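> whatever this is, show me its structure:
(chains A and B, ligands or ions: 4)
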Amino acid sequence: MADKYLVQPDIDFINKVRANGGESLKKCFQCATCSVACPIAPDRKPFPRKEMIAASWGLKDKLLCSPDIWLCHNCGDCSTLCPRGAKPGDVMASLRMMAINEYATPKSVANAVNDRKKLPLLIALPAIVFIVLGLILKMLGINWLNFSPERIHGEIAHAQFFSTWLVDLVFIPLSIWAVAVFALGLKRFIADMHKNAVAEGKTDKETIDVKGFLSALVRVIPQILKHNKFSECSENNDRATPHMMVLFSFIGLLIVTGVFFITLYVFGIHGPYSQLNPIKILANISGIALIIGAALLIRQRMNKPDEVSTYKDWYLLWLVLGLGVTGMLAELTRLADAAFLTYLIYFIHLMLVFHLIAFLPFSKLAHLVYRTVAMAYNEYSGREAKKA
Amino acid sequence: MSKKYGVYICKGCGIGDALDIEAICDVVEEEALPCKTHDFLCSQQGVDFIKKDIEEEGTNTLVIAACSRRVNYNTFKFDGCIVERVNLREGVVWSHPRDAFPMLTEEEKEDENNFDRVQMMAEDYVRMGMARVEKVKLPEPYLLETMSKKILVMGGGITGMSAALDAAAAGYEVTIVEKEDKLGGNALKWRKQLPLQPPYENLIPPMVADKIKAVENNPKIDIYTGNVVARIAGQPGDFTVTFKKPGEKIEFDVPYPLPPEMRVDENGKELEHEALMEKYKEYNEGRRDILTLDPNGEHFGAVILAAGWRPYQPRDDEFPHLGWGASPDVVTNYQFEEMAASGKITRPSDGKEAKSVVFIQSPGAGDDADFPYTGVVTSMVALKQAQYVREDYPDGKAYIFYEHMRTSGLNENFYKAAQQDSGIFMSKGEITEVKKNGNGLAVSAKDTLLGENIGVSADLVVLGTGMLPVTYDDPTVNLAYRQGPGFRDNDLFDKYADSNFICFPYETQRTGIYAAGSVRRALSVEESMEDASGAALKAIQCLESVNRGVAVHPRSGDMTFPDFFFQRCTQCKRCTDECPFGAIDDDEKGTPKPNPTRCRRCGTCMGACPERIINFADYSIDSIGSQVKSIVVPSEDDYDEPPFRILGLVCENDAYPALDILGMHKKSFSADVRLIPVRCLGSVNVIWIKDALSQGMDGVFLLGCKHGDDYQCHFVKGSELASIRMQKIGDALSSLALEEERVAQFEVAIDDYDKIPEIINGFVEQVEELGPNPFKGF
Ligand code: SF4
Ligand code: SF4
Ligand code: SF4
Ligand code: SF4
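Ligands and ions are numbered 1, 2, ... in the order given. Next comes the predicted model:
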């Protein structure tokens, strides 16, 4: 007899997939309507039917390393058409969260990020870090945290409250941590993904050659930016534009932060900047786009009671909205000269940024990285895409 | 009854436009019978027109030439009158429209050599109608001298108890006979039971105890536990039943007919009657003949056979690839249920917890059939038993591999609910191997929904084996019938007590014996209870027909029955042998003893009797024979080119309705055929065919139901027996120097109306090629 795969169902895994938004998964009776309906699934070994049975059999080893769960953009076409009321789109989303959890270390952080009950702790953490660090430094005579900040040329400057030094003292190591966590996760992820693809006949490639992989990455990035895949879906089509707004505003804000970082540390120029500065204009546009995009996404989720929205979805969306709102409000209150309010809001903004960076590899936002890598891998693997 | 005739011709529905009604009246008047016409006979005025004659003239024998007898039945039913319906509408004018069969023009009528085929057809049918009424009588019911209305229920399981309760609720006295010492049957051995009512999602506690209580408390129900039926003698309404302890040998044990090998001498020649009787007595030493009634027997009117099933136990070498026989940890679903009912699920080999259980629904080995004797119920049982594994162990895993997951009706909900369990895994798939693997088992499957060959480690493997009907092992009903104690040819139904599970689910091949539950096919409790109601109603229908002297089924309400003119009987035993329902017993001399309430009025005995001494009041050798003889067969003396005449004997169950449908669809066939409806092709006596041919008709065909293993014959064997007789008639024809091809039999189903023109026209062409019958004109 040919090779056989020894199934080892993991009941705990099934229960977790169900609890994380995939409750409907056991309704599937394997008709494969979903795989036919999916606008994104490739012809060769299409998803999500096979994911549905693997999930209902608790085959964790087959699923979490599969690139396919990342190729899915949760457009929901499959869920709408499933004759049994199983929601493969939601199951795929749940699997993605499980995969992020699986590849992120340490596990305790991952679990905390995804646990509603740990939210107060998570909120308290950055505040404690900043204040404790600020106070310790104060004891050492370094005054980076100032509760009665002075004005610079009569204007409010947030840096007078939290010194940029203090902010960066926290955020730079935090960013390095995020990158490290990702790096560790991706190393395993890519290796597992390839092993799975070989075992399931999704690729003809035997090994991963770095050059080929990188050039595949270069090829998929424009697709991602253009949201090509997203707009192939019909059911959640309206999500494409706000999602794009959020993505681009993040990119915009990343550029802004980078430029400010360089001007500060290389040229020693401090903020606040003039509103007419092109970088400042980019920052403001991005901030507004972020707020609108996040608000729209929240509204769309709320209007879709059929689709499962979990704590993780809400956590990320509210975080993004919060980032945008506090960022813009901090600026507006500063310009309005409301000292106490603006410092308070700025403080909250900093806490949210802490969340964004620190928990990035553990939260749903990590899809940015995993999906990009999985799409690049798929492109690299030579598994042909379905023609429209 | 002295007959006063009246012939009524309807001119409605296009009849009057297509036919020369006056000419038809001339035909009637040639016979010196009164002929009346009416524009719409089925209207109130039309009916009153006939009634007036009945009341004022004393007309009591009516020939109504109008529509098919299958329509307006009640309109043209007149109490105390013989009514013959001549089918001019569907049979003549609708199926032979004038655009295809034009009337003769005035000019053509001048020439004596021209004739109008459709007109000839109508005139013949009217002649045939008149011929028939002359020969038939009004039936009188056959009434039993003593009649019992008690119902015997064989089997005290769920089905039997349900049937008893249903029949008792309808007011009938019931006796349950159960071979075990207590009621309940297999249902006593279950941990849980499949759902019985909406939402059909959850297992329920077994309800057998409640049923037992209900039966025990019902004053209309007698219970004989620890008893079996030794014999059932007599006929519906008057069965004499002898009970005995299981295994006991008593003089009223039912005797068996001689097996075929004992009926012949060394040279393979059938023994003489006396020698046969000798051997029969020897063979049944110690048992009384079927005709001897047990003076201590109990009387019943009808029997419900709910004797149930036993688990299918595979032979030791039957499923080696499934590990059956090699490991004690491979068990049947029945063994698994017993284990589950008595405690936690463990491995028989070492008593350890069985937390991973594989349920196999199909033996595989290249075949996608389920295990033998299974059905919807075994799929449902797998879903049930998988839940036991989960009940016993929170980390337990139950795998179901199936080729078919059958959950009928709302039981789909049960499947859906079971599927929700995180620890139940299902896939279509073929099991390729089960082998030992340390202390457990390794199961391999291919063609699974996972898309690859897979392996599962199991503690226990459960085979979804089937439920064997008790009739698999022995006749069970033990009928004291000459044809034998069980149901004949039951191999066709894999030994299930059945005769046609689609059309007549409860009717066995023996009138008055109604099967229900798993003796009929593998059923769940819910289905068995529904079955029980069905069979109980049938038993009641039987009692309420027998008491009025009418047939139960399928000719429900028919008051006629076969009447034997014994003086001329040659004791050939053909009727006894050929009756599909074992209605006729014969005595020691071989003289038939009819049992009219067993009879279904098919007429097969009438078709079989070489002496032609079996007849019904309204259907006889003579009545059909006279119809045949009344058909005018034109010869060269009449016309230069006389038309052919072909007789069709048409089964009235499916073929005749199909012909009516054909007429309604205005499809046509040759106008040279004359059709006569018969009760069943089995009732066709070859004398009619011989008569037809010797009077110059050119061919004869029989049109009836499919026969063979997947028969559709309403009387089970009628069309098959007809085909055997047709083969034999071939020899007789060649001795008359007539071609065998002049006689044929065709099969049609009720929905085959569109094929009939081709069948009939094809036969007509075949006969035309043979040329006219040389006897024509003699
Ligand atoms: S459409 Fe629904 S039932 Fe069909 S395979 Fe997909 S998830 Fe399963
Ligand atoms: S959610 Fe959309 S992309 Fe994902 S599997 Fe379903 S149809 Fe495909
Ligand atoms: S052959 Fe038919 S008509 Fe004759 S006894 Fe049997 S059931 Fe009755
Ligand atoms: S078939 Fe006719 S002749 Fe023969 S036993 Fe029966 S009744 Fe007598």
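> for the closest residue in space to residue B:453 that isn't next to it in sequence, what are phi and psi?
Among residues not flanking residue B:453 along the chain, residue A:4 sits closest, at 4.0 Å (CB to CB, 6 or more residues apart in numbering or on different chains). No exception for glycine: its C-beta is placed from N, CA and C like everyone else's. The phi and psi values for residue A:4, taken as degrees, to the nearest 10, are phi -130, psi 160.
> same question, residue B:78
phi -120, psi 120.
> quick one, what contacts it?
B:50-51, B:54, B:62 (CB atoms under 8 Å, 6 or more residues apart in numbering or on different chains).
> I'd assumed residue B:202 was in contact with residue B:417.
Yes. Contact criterion CB atoms under 8 Å: residue B:417 and residue B:202 qualify, at 6.6 Å.
> neighbour count winner among the two?
residue B:417 (18 against 13; other CB atoms under 10 Å in any protein chain shown).
> please name the nearest non-neighbouring residue to that one.
Nearest to residue B:417 is residue B:201, by CB to CB, 6+ apart, at 4.0 Å.
> list the contacts for the residue nearest to residue B:453?
B:444, B:452-455.
> one more: residue B:689?
B:647, B:649, B:700, B:729, B:743.
> any idea how many residues pack against the second one?
If you count neighbours by other CB under 10 Å, residue B:649 ends up with 25.
> give me the secondary structure label for it.
strand (DSSP: H, G, I helix; E, B strand; the rest coil).
> beta-bridge partners for it, please?
residue B:676, residue B:702 (DSSP bridges).
> so what's it up against?
Contacts of residue B:649 (CB under 8 Å, 6+ apart): B:675-676, B:678, B:681, B:684, B:688-689, B:700-703.
> in what helix or strand does residue B:153 lie?
Under the criterion of DSSP states H and E, residue B:153 resides in strand B:151-154.
> pLDDT averaged over that strand - what is it?
Regarding strand B:151-154, the rounded mean pLDDT is 98.
> what is that strand packed up against?
On a contact count with 3 or more CB pairs under 8 Å, 6 or more residues apart in numbering or on different chains; DSSP states H and E, strand B:151-154 meets helix B:158-169, strand B:174-178, strand B:228-235, strand B:302-305, helix B:525-546.
> need these in a markdown table with mean pLDDT, mean neighbour count and distance to ligand 1, can you?
Formatted as a markdown table, those follow (pLDDT from 0 to 100; neighbours: other CB atoms under 10 Å in any protein chain shown; distance: least, CB to the nearest ligand atom, whole Å):
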| stretch | mean pLDDT | mean neighbour count | distance to ligand 1 |
| --- | --- | --- | --- |
| helix B:158-169 | 98 | 27 | 35 |
| strand B:174-178 | 98 | 24 | 46 |
| strand B:228-235 | 97 | 24 | 51 |
| strand B:302-305 | 98 | 30 | 43 |
| helix B:525-546 | 96 | 23 | 27 |
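> now for the closest residue to residue B:238 other than its chain neighbours, how many residues are close by?
Once flanking residues are discounted, residue B:238 sits nearest to residue B:144: 5.2 Å by CB to CB, 6+ apart. Look at residue B:144: counted by other CB under 10 Å, it has 17 neighbours.
> where's residue B:144 relative to residue B:229, distance?
Counting by CB to CB, to the nearest Å, the gap from residue B:144 to residue B:229 is 21 Å.
> for the lowest-mean-pLDDT helix or strand in chain A, buried residues please.
Within chain A, no helix or strand scores below helix A:228-232, which has a mean of 77 by mean pLDDT, DSSP states H and E. Buried residues in helix A:228-232, defined by neighbour count with 16 or more other CB atoms under 10 Å in any protein chain shown: A:229-232.
> who touches the helix or strand that contains residue B:727?
For residue B:727, the element it lies in under DSSP H and E is helix B:718-735. Outside helix B:718-735, the residues within contact range by CB under 8 Å, 6+ apart are B:578, B:580, B:602, B:604, B:607-608, B:651, B:680-684, B:686, B:689-690, B:693, B:702, B:704-708, B:711, B:713, B:739-740, B:742-745, B:747.
> now go through the residues you listed and say which are in helices.
B:578, B:604, B:607-608, B:686, B:689-690, B:693 (DSSP state H).
> before we move on, back to that, between the buried residues of helix A:228-232, which is closest to ligand 4?
Nearest to ligand 4 out of these is residue A:232 (CB to the nearest ligand atom; 80.1 Å).
> which non-adjacent residue is nearest residue B:365?
Per CB to CB, 6+ apart, closest to residue B:365 is residue B:321, 6.2 Å.
> doesn't that neighbour lie inside a strand?
No. Per three-state DSSP, residue B:321 lies outside any strand segment and is helix.
> the residue nearest the centre of chain A: what's its closest spatial neighbour, skipping adjacent residues?
The residue lying closest to the centre of chain A (CA atoms, centre = their mean) is residue A:365, at 0.9 Å. In space, and not counting its chain neighbours, residue A:365 is closest to residue A:316: 5.6 Å by CB to CB, 6+ apart.
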